[in-house]
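>>> what would the 3D arrangement of this be:
(chains A and B)
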Amino acid sequence: MDKFVRLTATACPLLLSNLNTDQILPARYLKWPRSKGLGTVLFDDVRLDASGKPRDDFAFNNEACRGAKILLAGRNFGGGSSREAAVYALYDHGFRCVIAPSFGDIFAQNAVKNGLLTAVAPETDIEKVAVLVRADPAQPVTVDLERQAVTCGDISFAFTIDPVSRNQLLNGWDDVDLTGSYREQIAAFRAKDRTLRPWVVPSEKL
Amino acid sequence: MSEPRTLFDKLWSAHEIARREDGAALLWVDRHYVHEGSFHAFSQMKSRGRTVAEPQLTFGVADHYVPTRGRDTGISNPEIAAMVRNLEANTSENRITLFGLRDPRQGIVHVVGPEQGLTLPGLLIVCGDSHTSTHGAFGAYAFGIGASEVAHVLMTQTLWQKKPKRMRITVEGALGPGIAAKDIALSIIARVGADGAQGHAIEFAGSAIRALSMEGRMTLCNMSIEAGGRCGMVAPDATTFEYLRGRPFAPKGANFDRAVEVWSALVSDGDARFNREVALDAGDIVPIVTWGTTPDDALPVDARIPDPARESDVTRANYLREALDYMGLAPGAKLTDIAVDRVFIGSCTNSRIEDLRAAAAVLHGRTSKVPGLVSPGSSTVKRQAEDEGLDRIFRDAGLEWADSGCSMCVGINGDLVPPGERCASTTNRNFRGRQGPGARTHLMSPAMVAAAAVTGHLADVRPLLAGRKV
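Next up, the predicted model:
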């Protein structure tokens, strides 16, 4: 997994609340392998109108959002379905960081496993950055994970992220490798648990 | 004296293998359910040259993509057929028991796990599906995970987690006639919001919860995720133990009795502290329907649709306008004036035998004014319903009686609500496009869906139950 330490990039303002994973990546794309280009169908059902044309009122479609690596989002971003492909779609489209007032728990967990930073910040602060970015789409935004700070022009504010996710992103830790170093403890737990709770192994298989 | 602990604290500590300095804990996983959508995780595992650590604790279920009609003739859509075949290959290569398309036990993973006795109190249960919270009904710590975590569990039978906060939702009193677990769930979500329980493990408590059947508890815990909760749970009790006794994979004989002894201690201590408490009075709960595009857009069926013009908060007013526009609804209209185009009874939320009985009690001897689909939660539920003659009631009412799967809740098997159509649905998400692009979903209980079917519009089921045995 790629590390995330600091990023300076342009940002796309998309301050809609409750943009859930069904909206981020519609279910019909879930059978696609990642290599088929999930980034190309990101937000498809909210981005396009019934006839398949891009909606003018959906900020993501603006030329200004092209190349943005930071997404400025609304409350409860990524709620709903556990589909990790929603994270793949955002990442493969080019996003490396989403800043929002809150995130769906499973989405946030999936994001960190893929090197996508979910930064939690007050709505008013995000709105201030959105105002600057709307006025000048080339305005760079810096997200510094070590300092847990966002800066944009003369705006600067702190964001929060749980220490576990922060550690993982800063170090680019791979969970499976990390867990490998706990092999003995896992084996000991398993052996003891089999005597404490023998019924956990389904009876038809004993 | 040790610190008083919540049920969740007890479940957490029973699974903790190790804890890092930053607070992350490595947890042991007792049960891992996989489905067709788990293919990303199997690919990740293969690319590392690894195999499944504990095949005997891992179970596969074909549910998300399976056809609910014409199953005998095979799957005509090659992409969907490939999804089902892929699961068969991944499970057989890894010696994982599969409840596949042709298995008489096939069904929705959150229906099959409990009914086969695989879901037990005290277990840590994961699945790559957000509605895994369902299994918390048994006093299990059950939650949905993404593909990377599924891969991690496949390879190690463990998972790194940070401990969620604890939230207790207490519902005291008796539910009125015709009021179901779904009405409790939607009332809670309307109260706390679609993200109200974010970062929390919910425990449902109180006399109204204790009085629920296992089916009702599963509906309630299933919807925990729609309040943003990490998981939901109900402390196991006699209702739980009786449900489990004799189930195929449940412990047997002395092993069962010993388990019950241990399970009986899975309750929150009397003075345990929760980070947040919410209380509802069961007597206040009425039939609820959703009108908008998030599950917290839920109102009593006799209410009117919100009017953006009367909303002082600009963001909220904008949201209301967009939601009403998508849903094709007029501000201030009565919910009971909303005509529906079709109905759906099914999904991991409301497709168990009790749900089908509740809908059939309303439909018996009546005709649906709109087309509709009934997809039982499992092939086992289907057979039981047929033994009870419920299939006849649905068919006689004009509804289609289909096979089991996720079906029209998520639409990826091809069971879709056509664009612009309005569906009264027993499912869990009224998101834009959830039941198909442009589909308009109203969530409600199975009895309320039946009421919408026979009247052709959203309707209070209670008058329709007068003089009927429910």
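>>> list the contacts of stretch A:99-107.
With contact meaning Cβ atoms under 8 Å, 6 or more residues apart in numbering or on different chains, stretch A:99-107 is reached by A:11, A:20-21, A:70-80, A:82, A:86-87, A:111, A:118-123, A:126, A:129, A:143, A:150, A:159, B:130, B:143-146, B:164, B:195, B:198-199, B:228, B:230. Just so you know, the C-beta spots here come from the backbone N, C-alpha and C atoms, and that holds for glycine as well.
>>> in strands, which of those fall?
A:11, A:70-73, A:118-120, A:143, A:150, B:143-144 (DSSP state E).
>>> so what's B:Ala439 up against?
With contacts defined as Cβ under 8 Å, 6+ apart, B:Ala439 is in contact with B:411, B:416-421, B:423, B:433.
>>> go again using 7 Å as the cut-off
B:Ala439 makes contact with B:416-417, B:419, B:421, B:423, B:433, according to Cβ atoms under 7 Å, 6 or more residues apart in numbering or on different chains.
>>> could you pull out the strands for chain A?
Under the criterion DSSP E, chain A carries strands at the ranges A:6-9, A:11-14, A:70-73, A:97-100, A:117-120, A:141-144, A:149-152, A:155-158.
>>> need these in TSV (columns: mean pLDDT).
Listed next are these as TSV, based on pLDDT from 0 to 100:
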stretch	mean pLDDT
strand A:6-9	98
strand A:11-14	97
strand A:70-73	98
strand A:97-100	98
strand A:117-120	98
strand A:141-144	98
strand A:149-152	98
strand A:155-158	98
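>>> any chance of JSON lines for those, columns mean neighbour count?
Conversion of the strands of chain A to JSON lines gives the following (neighbours: other Cβ atoms under 10 Å in any protein chain shown):
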{"stretch": "strand A:6-9", "mean neighbour count": "15"}
{"stretch": "strand A:11-14", "mean neighbour count": "25"}
{"stretch": "strand A:70-73", "mean neighbour count": "26"}
{"stretch": "strand A:97-100", "mean neighbour count": "26"}
{"stretch": "strand A:117-120", "mean neighbour count": "22"}
{"stretch": "strand A:141-144", "mean neighbour count": "20"}
{"stretch": "strand A:149-152", "mean neighbour count": "20"}
{"stretch": "strand A:155-158", "mean neighbour count": "14"}
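>>> need the ones you listed in a markdown table (columns: distance to B:Leu186).
As requested, those are exported to a markdown table (distance: least, Cβ to Cβ, whole Å):
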| stretch | distance to B:Leu186 |
| --- | --- |
| strand A:6-9 | 40 |
| strand A:11-14 | 28 |
| strand A:70-73 | 26 |
| strand A:97-100 | 25 |
| strand A:117-120 | 28 |
| strand A:141-144 | 38 |
| strand A:149-152 | 37 |
| strand A:155-158 | 36 |
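>>> and of those, who's closest to A:Val133?
Distances from A:Val133 to each of the strands of chain A were compared using Cβ to Cβ; the shortest belongs to strand A:11-14, at 5.1 Å.
>>> report the distance from that closest one to the chain centre.
Taking the mean C-alpha point of strand A:11-14 and that of its whole chain, the gap between them comes to 14 Å (Cα atoms, centre = their mean, to the nearest Å).
>>> one more: stretch A:145-153?
Shown here is stretch A:145-153, whose average C-alpha point lies 17 Å from the average C-alpha point of the whole chain (Cα atoms, centre = their mean).
>>> hmm, that stretch touching chain B?
No - counting by Cβ under 7 Å from any Cβ of the partner chain, chain B has no neighbours in stretch A:145-153; the shortest distance is 14.1 Å.
>>> before we move on, what about stretch A:52-70?
No - for a cut-off given as Cβ under 7 Å from any Cβ, stretch A:52-70 has no contacts with chain B; the smallest distance is 9.5 Å.
>>> go ahead and name everything in contact with that stretch.
Counting contacts by Cβ under 7 Å, 6+ apart, the residues touching stretch A:52-70 from outside are A:7, A:9-14, A:43, A:46-49, A:94-97, A:99, A:137, A:141, A:143.
>>> in it, what's buried?
Going by neighbour count (16 or more other Cβ atoms under 10 Å in any protein chain shown), the buried part of stretch A:52-70 is A:58-61, A:64-65, A:68-70.
>>> just to revisit the earlier point, how about TSV for the ones in strands among the contacts of stretch A:99-107, with distance to B:Thr156 added?
What follows is the ones in strands among the contacts of stretch A:99-107, written out as TSV (distance: Cβ to Cβ, whole Å):
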residue	distance to B:Thr156
A:Ala11	37
A:Ile70	33
A:Leu71	32
A:Leu72	36
A:Ala73	32
A:Thr118	24
A:Ala119	29
A:Val120	29
A:Val143	31
A:Val150	35
B:Phe143	17
B:Gly144	18
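>>> which one of those residues sits closest to A:Pro198?
For the ones in strands among the contacts of stretch A:99-107, the minimum distance to A:Pro198 (Cβ to Cβ) is 24.5 Å, reached by B:Phe143.
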